[in-house]
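>>> pasting the structure only:
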């Protein structure tokens, strides 16, 4: 009784050992029974044969039936142990276990319900090669001892047997019964076999579920592929079974049906991998690749996704499915490249693995797209619509290539191939007309990566790209952008020229940068760039020297370093021919530089030096600026009162620039000069110029008048008369000025001039009411009246008296009328004269009557009577004369006393001597005047 529990424990251990390896298929494959290790010290091992002999002797002496059965069971076990030892010592030998079977059969006959004996019998029969008899023993255990501790193995071995005879439903039933009993050492193997049984029965969903349950159990112990070899093989074979079930259910889609993402199995990728591998083994390559990619689609962020994607690509490559390889690679780059979300979440070890995969494909795909774009660009002979489509396709290909080149650079910034990739990126961007991006890429190749093979070429390409961007940037719409690109343009050019001075384009680029600096008003920088170009080796050619000196000249000029500018422009001229394009520009700028030196001298107060510079300008030619400079010099000479020099320069200016816009203005300056030189005749000529040429009518008017005055001053009476006459006829306004001209004209005209009276009448009849106007009119009227008076005075009274007296009286009336006009002006100077003449007209007529010739032949009486008649006619005239003279002298009471009043006194003294020939009276009048 004491041995039985230990035997049962031994049996359980044997069963556990059997289930640890899924390759054990029958009871015969089970290892030999062994006792568990004791925790106490054990005696030295005893030989099996010795033990058998001891138990045989005990059996002979024992009379207790129960004890005898225990001894017989022990003898059977020892026999089984002996035979197994023989087999172990010589595996190739054919050992018969029949002796052990007989012993167990005898015991079973005596103890038909003893599950241990039946179990040992079944095992012995199985090892002896009688599986059917072994199965009968197991069936007997199931029928007589359903609660036996051996029941799990009984069900497992029965299920195995049913599976081997292809009774898959019976097998599944036993495996399910075993699993329903709970966990046991046979559970994993039972699930495995149940899955295969269901698979063989075409119960694919159930089979998948069973395999997954098994994998769940195994994965709880650790990663499936890291389990001990027995469990790992069990997991791998389960994955193979799952692959079969999934393939029968439509492939990869069945995986998510059986094991949805929500299940959260960490071995999910193994399901896809196993199915994909299965398809590969069956040479169903497209389905294999689709399976790997299905995992990627369902689990894009899984750590295993890149590897499965890689498996898909490898599968496509191995199957030579060319059309599908490249799209798969593109998707790989898109999913796991440096710009992907996957990359952002990956750790460095994952990124290292990704880089290994990405590197060749980025290059391959980028160069493919690049080549395709170039091929599309080069196609010709198409219609307009086709050409348009080709351009669009080419642009798309260039864009794709550029994106991949960029990713390569970002992923492998320090790789030896990166400069080439960035250079190709720049080429694509150039074709896409992204000059800004191209500039950045070329610049990195040239100066960041310092690629010896491509650096210089990239540097020059960067120069061109920056120049194009600078050209395109609006000059006003976006000042910030404009400034940025103009700065980059210049900086890139200078950097290029400095980096590769021996490059064929280095000097032209340096010169272009200098010119652009000049254009940006960065004059010191422009000078530095141009001077550096001047010292280039090999030296600049003639055209380049012209350009760099032009930059120097313009820059120095802008910085007000006019002497340096003059030297630079002089070099340009020395390198140029008159017909050269730059010759006229350089000459004009050189003259401008000299002119500005004059301005500086003038600002410093050195007028003489300023004049020297101004007159030096014309050495470069009689240009517009030379004219301006000479004109300014004339002004300065006038200001300095250097009249002779000013006159000479003025004459030269007129000779050299007869049609210049400034030439007409010289007349006024010439007037000043000639007046200062006391040359009124010459001044008069200049006034005439102004009168004829000046645009301002007022200037023309005044100039004409002043010309007449100057001619008059010069003694050129005829020119003065002609000019005053011209003024009077041409300029009616202002009226007073016209009167002056007429007055001066009268002063110049001779007394006998036939035009004199015309101008006198014109002057006398003027309507000007100003004091001067009235005075001049009165003067003219007085002269006209005087002429009539003289005509009156010259008429003598003769016989016949009535006729001569008639003429005399008519002349008198005319004279009186003219003098009365004078009186109307009420100007004292002419009023006293007119009053005197009027009085004298009457006095003279009275005197002439009395002194007239007497008719001949009169006797004394008749003569006396004739005398009386004459006196009667003369007396009223004498009275009138007295009246008028007295009225004239009466003006002395108003403080007026002139020669005419004095003469009125004289006449009154003769007419009324008693009254007017008293000295005291005259003194009184004299005193009254003072």
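Cool, got the structure. Model, not experiment: these values are computed from the prediction.

>>> count of neighbours near the spatially closest residue to residue 79 that is not a sequence neighbour?
Nearest residue to residue 79 in three dimensions, chain neighbours excluded: residue 100, at 4.5 Å (C-beta to C-beta, 6 or more residues apart in numbering). Every residue, glycine included, has its C-beta placed from N, CA and C. Residue 100: 26 surrounding residues under other C-beta atoms under 10 Å.

>>> What of the one 10 residues further on?
Residues lying near residue 110 (other C-beta under 10 Å) number 14.

>>> what's the pLDDT at it?
pLDDT recorded at residue 110 is 86.

>>> residues contacting it?
Applying C-beta atoms under 8 Å, 6 or more residues apart in numbering to residue 110 gives the contacts residue 69.

>>> 6 Å - rerun?
Applying C-beta atoms under 6 Å, 6 or more residues apart in numbering, we find residue 110 in contact with no residue.

>>> That one and residue 65: what is the separation?
Distance check for residue 110 against residue 65: by C-beta to C-beta, to the nearest Å, it reads 9 Å.

>>> Likewise for residue 587?
147 Å.

>>> Who has more neighbours out of these two?
residue 587 (21 against 9).

>>> For that one, which non-adjacent residue is closest in space?
Residue 587 sits nearest to residue 620 (C-beta to C-beta, 6+ apart), 5.0 Å away.

>>> what's residue 503 sitting at in phi/psi?
phi -60, psi 150 (degrees, to the nearest 10).

>>> So the residue nearest to residue 79 versus residue 80, what's the distance?
4 Å.

>>> Quick check: can you list the domain ranges of this structure?
Taking automatic domain parsing as the criterion, the chain consists of the domains 1-149, 202-336, 801-930.

>>> tell me which element residue 844 falls in.
In the assignment (DSSP states H and E), residue 844 maps to helix 828-850.

>>> contact partners of that helix?
778, 782, 789, 797, 812, 815, 819, 822-823, 870, 873-874, 877-878, 880-881, 884-885, 888, 896, 898, 900-901, 903-904.

>>> Tell me the buried residues in that helix?
828, 830-850 (16 or more other C-beta atoms under 10 Å).

>>> One more: stretch 368-375?
368-370, 372-374.

>>> Put together CSV for those, with pLDDT and distance to residue 317 on each row.
CSV is the format used below for these (pLDDT from 0 to 100; distance: C-beta to C-beta, whole Å):
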residue, pLDDT, distance to residue 317
368, 96, 15
369, 95, 19
370, 96, 22
372, 95, 20
373, 94, 25
374, 93, 26
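
>>> Next secondary structure after the helix holding residue 844?
helix 860-889.

>>> Mean confidence (pLDDT) on whichever helix or strand comes after that following helix, please.
As assigned by DSSP H and E, the chain's next helix or strand after helix 860-889 is helix 899-911. Mean per-residue pLDDT for helix 899-911: 88.

>>> which residues are contacting helix 899-911?
Contacts for helix 899-911 (C-beta under 6 Å, 6+ apart): 832-833, 836, 882, 885, 888-889, 916-917.

>>> Okay, and the nearest residue to residue 432 once chain neighbours are set aside sits in which element?
With sequence-adjacent residues excluded and distances taken as C-beta to C-beta, 6+ apart, residue 432 is closest to residue 398, at 5.1 Å. Using DSSP H and E, residue 398 sits within helix 384-411.

>>> Determine the set of other helices and strands touching the helix or strand just after that helix.
The C-terminal neighbour of helix 384-411 among helices and strands, as given by DSSP H and E, is helix 418-431. Helix 418-431 is packed against helix 384-411, helix 435-443, with contacts defined by 3 or more C-beta pairs under 6 Å, 6 or more residues apart in numbering; DSSP states H and E.

>>> what's the angle from helix 418-431 to helix 435-443?
With axes from the mean of the first three to the mean of the last three C-alpha atoms, to 10 degrees applied, the angle from helix 418-431 to helix 435-443 works out at 160 degrees.

>>> what's the angle from helix 418-431 to helix 384-411?
Using the same axes, to 10 degrees: helix 418-431 against helix 384-411 is 150 degrees.

>>> OK, contacts around residue 494?
Per C-beta under 6 Å, 6+ apart, neighbours of residue 494: residue 513.

>>> Please tell me how far it sits from residue 526.
11 Å.

>>> circling back: now render the buried residues of stretch 368-375 as JSON lines, adding secondary structure and distance to residue 314.
As requested, these are exported to JSON lines (DSSP: H, G, I helix; E, B strand; the rest coil; distance: C-beta to C-beta, whole Å):
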{"residue": "368", "secondary structure": "helix", "distance to residue 314": "19"}
{"residue": "369", "secondary structure": "helix", "distance to residue 314": "22"}
{"residue": "370", "secondary structure": "helix", "distance to residue 314": "25"}
{"residue": "372", "secondary structure": "helix", "distance to residue 314": "24"}
{"residue": "373", "secondary structure": "helix", "distance to residue 314": "28"}
{"residue": "374", "secondary structure": "helix", "distance to residue 314": "30"}
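
>>> Pull the number of nearby residues for residue 96.
12.

>>> Which pLDDT does the model give it?
88.

>>> Just give the nearest non-adjacent residue to it, would you?
Closest to residue 96 by C-beta to C-beta, 6+ apart is residue 128, at 6.8 Å.

>>> now do residue 553
residue 568 (3.6 Å).

>>> Residues contacting the helix or strand harbouring the one you found, please?
For residue 568, the host element (DSSP H and E) is helix 562-574. Helix 562-574 is contacted by residues 546, 549-550, 552-553, 556-557, 586, 589-590, 593-594, 596-597 when judged by C-beta under 6 Å, 6+ apart.

>>> got a markdown table for the residues you listed, with distance to residue 520 and neighbour count too?
Formatted as a markdown table, the contacts of helix 562-574 follow (distance: C-beta to C-beta, whole Å; neighbours: other C-beta atoms under 10 Å):
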| residue | distance to residue 520 | neighbour count |
| --- | --- | --- |
| 546 | 21 | 23 |
| 549 | 19 | 26 |
| 550 | 16 | 22 |
| 552 | 16 | 28 |
| 553 | 17 | 29 |
| 556 | 16 | 23 |
| 557 | 16 | 21 |
| 586 | 22 | 25 |
| 589 | 19 | 23 |
| 590 | 24 | 26 |
| 593 | 21 | 26 |
| 594 | 27 | 26 |
| 596 | 22 | 18 |
| 597 | 26 | 22 |
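
>>> Which members of those residues define the maximum pairwise distance?
546 and 597 (22.7 Å; C-beta to C-beta).

>>> so where's the stretch 401-550 of the chain shaky on pLDDT?
475-482 (pLDDT under 70).

>>> Now with 90, please.
The stretch 401-550 of the chain contains residues with pLDDT under 90 at 450-452, 472-484.

>>> how about the helices of it, start to end?
Ranges of helices in the stretch 401-550 of the chain, per DSSP state H, counting those that start in this stretch, are 418-431, 435-443, 455-472, 479-499, 506-519, 523-534, 542-558.

>>> residues touching residue 94, list them.
Contacts of residue 94 by C-beta under 6 Å, 6+ apart: none found.

>>> ugh, wrong one, I meant residue 362
404, 407-408.

>>> what does residue 891 give?
So residue 891 contacts nothing (C-beta under 6 Å, 6+ apart).

>>> Distance-wise, check residue 651 relative to residue 619.
19 Å.

>>> So if I had to pick from those two, which one is more boxed in?
residue 651 (13 against 10).

>>> So for the more buried one, what's the pLDDT?
96.

>>> and it, how far is that from residue 678?
18 Å.

>>> Over to residue 83?
165 Å.

>>> Of the two, which one has the most company?
residue 83 (21 against 11).

>>> So for the helix or strand hosting that one, mean pLDDT?
Using DSSP H and E, residue 83 falls within helix 65-89. Mean pLDDT, helix 65-89: 89.

>>> Next SSE downstream of it?
Where DSSP H and E defines the elements, the next helix or strand beyond helix 65-89 is helix 98-110.

>>> Name the residues of that following helix that come out as buried.
100-101, 103-105, 107-108.
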